[in-house]
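[1] my questions are about this predicted structure, shown below with the sequence.
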Amino acid sequence: MRLGDRIRSACAEVTGRARHVRLDEDALAPLAEAFEAKPRSESPDPVHQAVGPPQDTLAFVLTLDAVNFGSGWFPHLTKRPGLSGYFTIASCLTERFERHGPFSAEALAELGPADCARIFGQDLAVPEQAELMTLFARSWNELGRFLTARYAGRFAGPLAEAEGRAEAMAEILGELTAYRDVARYEGIEVPFYKRAQLTVADLASAPIGEQAARIHGLGRLTAFADNLVPHTLRCAGVLHYGASLSDRIEREVLLAAGSPEEVEIRAAGVHAVERLVAELGARGLETTAMAVDQWLWNRGQAPAVKARRRHRTRTTFY
């Protein structure tokens, strides 16, 4: 089975077995109506904006997405006024690229936690910030070594090797530790490949020149399983959590990565997006899981959604 099929099949199986999370099919119709009426606006995500010529922007996407995780640490992050954890990280890196240009692959391989703390405005004396900056450095180091050893330092190397095939590039990135996003649930292997798939989608949406146009098979990608899209679906009444799980989230108790509850939330989020795509198709609107995911992620920036607590997990996968 191809990557997208494996993810869809496993997430449907987990959702069917889930004990802590329930999908309400009847709530899909109102959400589909909201999607049909959605305003067409440009993405506010810095990863979709130019930060120089196309080759620099391509390097920016890979560099940013290599540290696009840490939601479990974000409550302890020093954030810029009015910005979330992700937008703080993205804005800091954007400014660094605008001032100094991209890192070389060799430079990424050598950066340490202190470099990351300086770039992102964090304090290594704060344990949670130090832990996240250490993981950021580790992820950049691995990416830098990977690009240097396999592609002579070329950031376009993975895309070229994949010949523009979205799933193939996601699987190439999945060879890296921080992207190897596969869980186990009651004997089932559950691949999510959240950040690997998201990186491909971001490259396709970024102004990286003709290389973006060569990316194909984006409809094969699934939703990008994190903690915000399931939360947005929960706020819309599509996902319902059991009393014990809801209570833990309200008390801001961390969910262990790979725990049954955490896997169920992520899997149900992916499967709910697939059901929403099918609902929209039945209405005559052909779309993709990638497009629905981005729409739900943007809805998740609304104050009412952000005001309600969502699950937190400390993992390099989201």
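    Done, it's in. Quantities reported herein were computed from a predicted structural model and do not represent experimental measurements.
[2] what's the per-residue pLDDT of Asp45 here?
    You'll see Asp45 listed with a pLDDT of 88.
[3] quickly find the element holding the spatially closest residue to it that is not a sequence neighbour.
    Excluding the flanking residues, the one nearest Asp45 by CB to CB, 6 or more residues apart in numbering is Ala90, at 7.2 Å. Using the backbone N, CA and C atoms, a C-beta is placed for each residue, glycine as well. Using DSSP states H and E, Ala90 sits in helix 85-100.
[4] tell me where the stretch 1-150 of the chain has strands.
    With strands called from DSSP state E, counting those that start in this stretch, the stretch 1-150 of the chain shows them at 21-23.
[5] same check on the stretch 151-300 of the chain?
    For the stretch 151-300 of the chain, the strands defined by DSSP E, counting those that start in this stretch occupy 182-185, 188-191, 239-241.
[6] ok so, going back, what is the helix holding Ala90 packed up against?
    helix 54-65, helix 113-120 (3 or more CB pairs under 8 Å, 6 or more residues apart in numbering; DSSP states H and E).
[7] export that helix as PDB, just CAs?
    Extracted as PDB, the C-alpha positions of helix 85-100 are listed here (Å, rounded to 0.1, in the frame of the first residue of the first chain):
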ATOM      1  CA  GLY A  85       4.300  29.600  19.600                       C
ATOM      2  CA  TYR A  86       4.500  28.500  16.000                       C
ATOM      3  CA  PHE A  87       4.200  32.100  14.600                       C
ATOM      4  CA  THR A  88       6.900  33.200  17.100                       C
ATOM      5  CA  ILE A  89       9.300  30.500  15.800                       C
ATOM      6  CA  ALA A  90       8.300  31.200  12.100                       C
ATOM      7  CA  SER A  91       8.700  35.000  12.500                       C
ATOM      8  CA  CYS A  92      12.100  34.700  14.200                       C
ATOM      9  CA  LEU A  93      13.400  32.500  11.500                       C
ATOM     10  CA  THR A  94      12.000  34.700   8.700                       C
ATOM     11  CA  GLU A  95      13.900  37.700  10.100                       C
ATOM     12  CA  ARG A  96      17.100  35.700  10.400                       C
ATOM     13  CA  PHE A  97      16.800  34.600   6.700                       C
ATOM     14  CA  GLU A  98      16.000  38.200   5.600                       C
ATOM     15  CA  ARG A  99      19.000  39.500   7.400                       C
ATOM     16  CA  HIS A 100      21.600  36.800   6.700                       C
END
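[8] got the buried residues for that helix?
    Gly85, Tyr86, Phe87, Thr88, Ile89, Ala90, Ser91, Cys92, Leu93, Thr94, Arg96, Phe97 (16 or more other CB atoms under 10 Å).
[9] cool, and stretch 171-181?
    Within stretch 171-181, judged by 16+ other CB under 10 Å, the buried ones are Glu171, Ile172, Leu173, Gly174, Leu176, Ala178, Tyr179, Asp181.
[10] if I look at Ala225, how far off is Tyr241?
    Ala225 is 16 Å from Tyr241, where distance means CB to CB, to the nearest Å.
[11] who has more neighbours out of the two?
    The residue with more neighbours, out of Ala225 and Tyr241, is Ala225; 31 against 21, by other CB atoms under 10 Å.
[12] phi, psi of the more buried one?
    phi -70, psi 110 (degrees, to the nearest 10).
[13] so it touches Val270, yeah?
    Yes: the pair Ala225 / Val270 is scored as a contact, 5.2 Å apart, by CB atoms under 8 Å.
[14] quick check: neighbours shared by those two?
    Shared contacts of Ala225 and Val270 (CB atoms under 8 Å, 6 or more residues apart in numbering): Cys11, Phe192.
[15] what is the neighbour count of the nearest residue to Thr288 once chain neighbours are set aside?
    Once flanking residues are discounted, Thr288 sits nearest to Gly219: 4.6 Å by CB to CB, 6+ apart. Residues contacting Gly219 under the criterion other CB under 10 Å number 14.
[16] okay, Gly219 and Glu286: tell me how far apart.
    9 Å.
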